[in-house]
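Asker: coords below, sequence missing:
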């Protein structure tokens, strides 16, 4: 033995193994552990599924009561046939885990503020800040309280316990070959599932759908706006509004009375006063267009004489997809639709008697209170004339590649103090006032059991069952649309809403006494609702639920034009077929442009335009008002309108300190339509008086420069400008689908934006044998190495639908079935 | 002849160990084969290297064919290798071969 060469060679071998067994950071990029990752027998190659893989399998799990058969059709949709409800949810959990485990865990880690634990603190600590934000907002606190409610109810406890057992049955049985790709890329392992994770996932939906408000920004605007100006710029109801409950529907008077505090006019409404700036830049606000369309037409409007129900929830478009399509069949019910990997039951779908869908209510149930701490320790705060003890929560945040961070969060009578001198929102933006501590009061902190709603809806036979089901739904408040085979259609705006005095919580509220606390709750029976109206349909598209005759204050953030278009079309349509409804979901007509473009065009002074500008002006002038993929006018209109908004608002509003927001584009559009002498048109920074003509022309000339650049780059077509993409949750381009050709956009029924849009399109025709269509931008498998990873994306972009097959137990030999899995005791 | 026997044996033992042990078991396979079959250190290194190179290349290629390049094309953009499946298989095989080569070299010096 030659000892020296032996040792040298042994050291090299071991060193190679160590280096290739861990992640390597080269510049900005972190490579997975190359040896472990590339090994064909151990690494990512194991995720490369044979395209003709045979998945017919038999399993035995002692947790099952009876046999369960699962038939996978040619789109990999599982049709689950169980003899017991408990077994049904066990197998649902197993299937979610088998096809979507990584995303289930990643999304619940995101909800719990645990991403830094997996991916590190991120550039400028942005991942860590997001984590802190989620925790300080009270996500885990809310999830724990929700879980207690879920587990107190025998039905939902059974449902969730079985689901969790199913997920864990898969995790326990998993081999290294089954480990999803993302775990290999980031080099970590899944944990066991538990009931809290499902509660966290549901809380994440509350965050996504009720986490948006503009309290801080609106407060800062008080510095420069009068009450009248604020109400003009941030109105609740727009002229064009077509509310969910048709105008003229009478509402009984409010049974709960709330009054603003006596000092509101001097303390809360500080119009045009030099008040202290709220210089907290909120972290990670959800997209304000998280919304949806839904509607149901009854037999009087359809060719068949049977109702049709439609729904398309607009959310972030990600891979693996948010939704997982399934059929759940047991002796108690037979339900088809989409489920959330991470939660039991069907969330949007239909059964043998009825169908339901949801859109976001968009009402403001998240308010901020300003807290004065006695000192740095945050142990006491001033409340009702005395120092009151806060409850300090110490939260340990694990950070990959760094020491853990211990975050101290003070809980007050309002809720957790989300922002204080240790957490200033965006890193890099320093907070000015040392005493700017903001506690958050959020409906999602309240104990609730939303799972019960889905448990009951999955089994609903009629309108009364639906009513009983939605009663349990408190947050995120939704517009639940309903249709049944006995020809009833209905919609309820359902959630628990604080009864607020006018403008309560639109601004940061004083937190020094009890007078600004939410005083009461609107009784559920007084939530806006309507059953089988004479017009033959019900609909919602995140607009204001009712006009100003509704007896409670309806603060929130609403869309205007999608609702206008849907109701206009539904009013005109008769002899409706499912095909017509699909076309309405894909409708690209731009009502906002219809409202304002003629006014703008009329006001442009063509003499002022050079040849290039005139060319673009003629394109937008002759545009057909449709945001179809190839329309260049749509792009020019959008850039022009954004330019105009800046021209009109910037001079006045930029005088405010701290974060602010501009009014909604809809507000600008309605204001200009109503009054071409709208006072904000004038640029207060110039001596002269600007007219709409001058501002519209100037805005067009500025827009034309950007338009010209786009044109040169071949990006003027609406779809190229918009560039819709479905992003992998880790935002890795090769695992995503970018630059899809799609029409639509914000304010349009086909609400497809850049990274956001209809995450599931569903049309259900409630004939004797249900006829249903649906599509989502993704695929049933979460594995990027599967041909079922993104196989629905192209159809989705093109507006094509899959036929949803409600399988009967006697169809086990149907040609559409690819595989069968059998689960037994 | 010895060379080919060690090469094939390294590949076979690596493949078998791969079912029970971690990816770096290729080093153990190559070490054991080189220690049992006496060759010059250079030849031992090459036999270990080529044995695992061929093994990993063939398995990766076979998996890739059955998968119709769905995943390899994505990974070859993540790594990044310009989306080339061929390069990805080459890099895969090279990494395993490198570790096995040095495992074999160590085994060969054990006998010398």
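Answerer: Sure, I can see it. It should be emphasised that the depicted structure is a prediction, and the values quoted were computed from it without experimental measurement.
Asker: And the average pLDDT for stretch A:251-258 is what?
Answerer: Taken as a whole, stretch A:251-258 has a mean pLDDT of 95.
Asker: ok, now stretch A:529-544?
Answerer: Here the average pLDDT along stretch A:529-544 is 96.
Asker: what helix or strand is the residue nearest the centre of chain B on?
Answerer: With distances taken as Cα atoms, centre = their mean, chain B has residue B:52 as the residue nearest its mean C-alpha position (1.9 Å). Using DSSP states H and E, residue B:52 maps to helix B:41-67.
Asker: now for that helix, which elements pack on it?
Answerer: helix B:2-18, helix B:25-36, helix B:70-78, helix B:85-111 (3 or more Cβ pairs under 8 Å, 6 or more residues apart in numbering or on different chains; DSSP states H and E). Any C-beta I mention is one placed from the backbone N, CA and C, and that applies to glycine too.
Asker: can you tell me which residues contact the residue nearest to the centre of chain B?
Answerer: B:10, B:11, B:14, B:26, B:29, B:30, B:93, B:96, B:97, B:99, B:100, B:101 (Cβ atoms under 8 Å, 6 or more residues apart in numbering or on different chains).
Asker: The last one - how many residues pack around it?
Answerer: Right, the one you point to is residue B:101. Residue B:101: 30 surrounding residues under other Cβ atoms under 10 Å in any protein chain shown.
Asker: State the distance from it to chain A.
Answerer: 9 Å (Cβ to the nearest Cβ, to the nearest Å).
Asker: ok, now the second one?
Answerer: Per Cβ to the nearest Cβ, residue B:11 is found 12 Å from chain A.
Asker: and that residue, how many neighbours?
Answerer: 25.
Asker: mind pulling up the phi and psi values for whichever residue of the stretch 201-350 of chain A sits closest to chain B?
Answerer: Closest to chain B within the stretch 201-350 of chain A is residue A:319: 11.1 Å, counting by Cβ to the nearest Cβ. Backbone torsions of residue A:319, given as degrees, to the nearest 10, read phi -120, psi 140.
Asker: Could you give the bridge partners of it?
Answerer: residue A:728 (DSSP bridges).
Asker: For stretch A:753-763, what is the distance to the chain centroid?
Answerer: From the chain centre to the centre of stretch A:753-763 is a distance of 11 Å (Cα atoms, centre = their mean, to the nearest Å).
Asker: how long is that stretch end to end?
Answerer: 21 Å (Cα to Cα, to the nearest Å).
Asker: same deal with stretch A:30-44?
Answerer: 16 Å.
Asker: got a list of what residue A:314 touches?
Answerer: A:289, A:290, A:291, A:292, A:293, A:751, A:756, A:757, A:758, A:759.
Asker: The last one contacts residue A:319, correct?
Answerer: Which is residue A:759. No - Residue A:759 is beyond contact range of residue A:319, at 11.5 Å (criterion: Cβ atoms under 8 Å).
Asker: Can you lay out the contacts of residue A:314 as a markdown table showing neighbour count, secondary structure and distance to residue A:584?
Answerer: Output for the contacts of residue A:314, formatted as a markdown table (neighbours: other Cβ atoms under 10 Å in any protein chain shown; DSSP: H, G, I helix; E, B strand; the rest coil; distance: Cβ to Cβ, whole Å):
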| residue | neighbour count | secondary structure | distance to residue A:584 |
| --- | --- | --- | --- |
| A:289 | 22 | coil | 19 |
| A:290 | 24 | coil | 21 |
| A:291 | 25 | strand | 16 |
| A:292 | 29 | strand | 14 |
| A:293 | 30 | strand | 9 |
| A:751 | 24 | coil | 13 |
| A:756 | 22 | strand | 20 |
| A:757 | 28 | strand | 16 |
| A:758 | 27 | strand | 12 |
| A:759 | 24 | coil | 18 |
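Asker: Could you list the low-pLDDT ranges of the stretch 301-450 of chain A?
Answerer: A:426-434 (pLDDT under 70).
Asker: Chain A contacts on chain B?
Answerer: By Cβ under 8 Å from any Cβ of the partner chain, the residues of chain B that approach chain A are B:15, B:18-19, B:22-24, B:27, B:31, B:41, B:56, B:59-60, B:63-64, B:66-68, B:70-75, B:77-79, B:91-92, B:95-96, B:98-99, B:102-103, B:105-106, B:109-112.
Asker: Report the buried members of those residues.
Answerer: For the residues of chain B next to chain A, a neighbour count by 16 or more other Cβ atoms under 10 Å in any protein chain shown gives the buried set as B:15, B:18, B:22-24, B:27, B:31, B:41, B:56, B:59-60, B:63-64, B:67, B:70-75, B:77-79, B:91-92, B:95-96, B:98-99, B:102-103, B:105-106, B:109-111.
Asker: what about the nearest residue to residue A:752 once chain neighbours are set aside, distance to residue A:321?
Answerer: Using Cβ to Cβ, 6 or more residues apart in numbering or on different chains and skipping the chain neighbours, the partner closest in space to residue A:752 is residue A:744 (4.1 Å). Separation of residue A:744 from residue A:321 (Cβ to Cβ, to the nearest Å): 19 Å.
Asker: repeat for residue A:756
Answerer: 14 Å.
Asker: Over to residue A:232?
Answerer: 41 Å.
Asker: Equivalent analysis for residue B:91, please.
Answerer: 31 Å.
Asker: do the same with residue A:409
Answerer: In terms of Cβ to Cβ, residue A:409 sits 34 Å off from residue A:321.
Asker: what's the answer for residue A:114, then?
Answerer: 22 Å.
Asker: More neighbours: the two, which one.
Answerer: Ranked by neighbour count (other Cβ under 10 Å), residue A:114 and residue A:321 place residue A:321 first, with 27 against 19.
Asker: what about the nearest residue to that one once chain neighbours are set aside, how many neighbours?
Answerer: Take residue A:321 and drop its neighbours on the chain: the residue closest to it by Cβ to Cβ, 6+ apart is residue A:778, 2.6 Å away. Neighbourhood size, residue A:778 [other Cβ under 10 Å]: 27.
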